[in-house]
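# Structure of the sequence below:
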Amino acid sequence: MTSKAYNNVSLLDSLGTVRLVWKSGTTWRLFNAAGIEVDISASTTGGLQEAINLACPAIPGAGASLVVIGGQQTGGGGAVIDCSTGIVFPPLLGKVIEVGEVVINFGVAIGATTGIFFDSFVNSRIRLPGIVYAGTGKALHFKPTLPSPIDAITDEIASTFVCDAVVQQTSGSSGVCIDSTAGTVSYTKYLFPEIAGVSGTKGLELLSDGTHAIINNDIQVLHNIGHTLGCLNIGTSAAAVIYGNTIKTFNAPLTTATPSISDYGTNNEITCLIHSASGTPAVGIQLESSASKEKYHVLLNEGTAPVVDNSTLKNSSGMYGISTGRGVDLTAAATLAVPSQGTIFHVAGATGITAITVAGERRIITLIFDSTPTITDGSNLKMAGNFITTADDTLTLAWDGTNAYEQGRSAN
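I've put the predicted structure just below:
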C-alpha cells in the first residue's frame, strides 16, 4: 500500500474522520484520519470497504468516524460506487457513518452475496444513500453475530440507521433483512424511505430463531413497492421472538398469491397501507399461528381478501380497519351476516333471526331494528330469552369469534 499527503483535506486532520471523496466518474480518493491519501487502485468496492476497515478496526476504542462525499456532475449524472464484491461492516461502537450524494451499485456479478452486511452496533448513527442491487441474495442484511468492541454485546442496540433507497433488480432477492438468529436486535430506529423490487422479490423481512429477539425497535418503510413474495414478513415460523416493535409500512405490491404482510409476531404495533396501484395481493394481512396481541392501524387495505386470521389465540386487533361508527345497512335473515366494518348497524326487514355471523375481529356490535323481526335465543345467539322487536328497538351483542352474547336490549 502506498500513501501520500493531500493538501486540500489537511484542515480536517483534527476531526479524526476517514473520508472517501468522489473525484469524477467512478474515481474515488480515500484519506485516513490523518489526512493521508491511501491507495485504493485494487479495490473491488470503489474504496468503500477499505474506508470502513480504516474507520472501524477491531481494536476497542480505536478508529474514527467515516464520511463518504459524493456529488453531481455538470450536465447530469452523479457519484457511483461500483462494487463487484459485498460490503461488510464489523461490530461498531459509538460510530458516526455518513454516506451522501452517491449510489452504491452491486451488479449481477455479486450473485447471491449480500450487498451490505452489518454486524453488531451500539450507540451508533449510520446513514446510507441509495443501494442498487442486481444480485439474488440480500441487498441489505442486519445480523449481529460478533460482540461489539469493549462491552462484548452481540446486539444491534440503541442506534439510528437510515438508508434512503434500496432498489432490487433481480428476482429472488430480499430488500432488507433484520435478522436476530445469532444476536438480539433492540432499541434501534431503522428508516427506509423506499424499498423497491420486481416480481419474485421480498421487501422487508424480520427473522428470529426463537432464542434471540427483535424487540422494541422503530422500523419504518415509507414506500414498499413492487414485491410478490411479501412486502413485510414478520418472522417465518411460530418460533419467532419478535415483539414490542413499532412498524410502519406503506405497501404497493404486485399482483401475487403471497400475503402483502405475513405476521408471526406478538405485541407489535403496526401501521400499514396496502395499495393496489401496482397490483392486487390475494391477501392483504395474514396473521400466522403464533400472532398474538398485534395492534394494527390500517389506513387502506386493498387485498382481494383483506385479512386472513390463522392465529391460534385470535386476540389481535385493528387489522380490519374497524370503524367505530355506523356500518352498512343490513337485511334481516335467518342467519344475520354482519360485515367487518362498523359497530352500529340498522337492520331492515321482519324475517326472524336465529343465528349470526360476524366478520372480522372480536368486538361489540349494536343492532338497530327498522322493522319487527324476532330474535331467537339459541344456536350461537346467547341471549336472555327471545326478543320480539319493534321499530327503533336495539340489541347489543359481544362477539367472541364463535358466539354472540347479549350485553343489553332496549325496547324503544
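
# Please count neighbours and contacts with C-alpha atoms only from this point.
OK.

# Can you classify Ala165 by secondary structure?
Secondary structure assignment for Ala165 (DSSP: H, G, I helix; E, B strand; the rest coil): strand.

# So what pairs up with it in the strands?
Gly130 (DSSP bridges).

# Just give the number of residues close to Asp119.
Asp119 is flanked by 21 other residues according to other Cα atoms under 10 Å.

# ditto for Phe161
16.

# do the same with Thr114
Applying other Cα under 10 Å, we find 22 residues neighbouring Thr114.

# swap in Ile261?
24.

# residues contacting Leu300?
Going by Cα atoms under 8 Å, 6 or more residues apart in numbering, Leu300 touches 272-275, 321.

# again, but for Gly327
Applying Cα under 8 Å, 6+ apart, we find Gly327 in contact with 339, 341-345.

# Out of those residues, flag the one nearest to Ser316.
Gln341 (15.8 Å; Cα to Cα).

# Quick check: the gap between the nearest residue to the closest one once chain neighbours are set aside and Thr343.
Counting by Cα to Cα, 6 or more residues apart in numbering, Gln341 lies nearest to Ile322, which is 5.1 Å off, once chain neighbours are set aside. Distance from Ile322 to Thr343, counting by Cα to Cα, to the nearest Å: 8 Å.

# Same check on Ile234?
From Ile234 to Thr343 the distance is 29 Å (Cα to Cα).

# Ser43: how many residues sit nearby?
Applying other Cα under 10 Å, we find 14 residues neighbouring Ser43.

# With the one 5 residues further on instead?
Counted with other Cα under 10 Å, the burial measure for Leu48 works out to 26 neighbours.

# Ok, Thr312 next?
By other Cα under 10 Å, the residues close to Thr312 number 12.

# do Asp151 as well
10.

# Can you list phi and psi of it for me?
Torsion angles at Asp151 (phi, psi; degrees, to the nearest 10) stand at phi -100, psi 0.

# likewise Ala51?
Torsion angles, degrees, to the nearest 10, at Ala51: phi -60, psi -40.

# Surely it and Leu20 touch.
Yes. Assessed by Cα atoms under 8 Å, Ala51 is found in contact with Leu20 at 6.6 Å.

# For those two, list the residues in contact with both.
Leu30.

# Show the contacting residues for Leu222.
With Cα under 8 Å, 6+ apart, Leu222 has these contacts: 192-194, 248-250.
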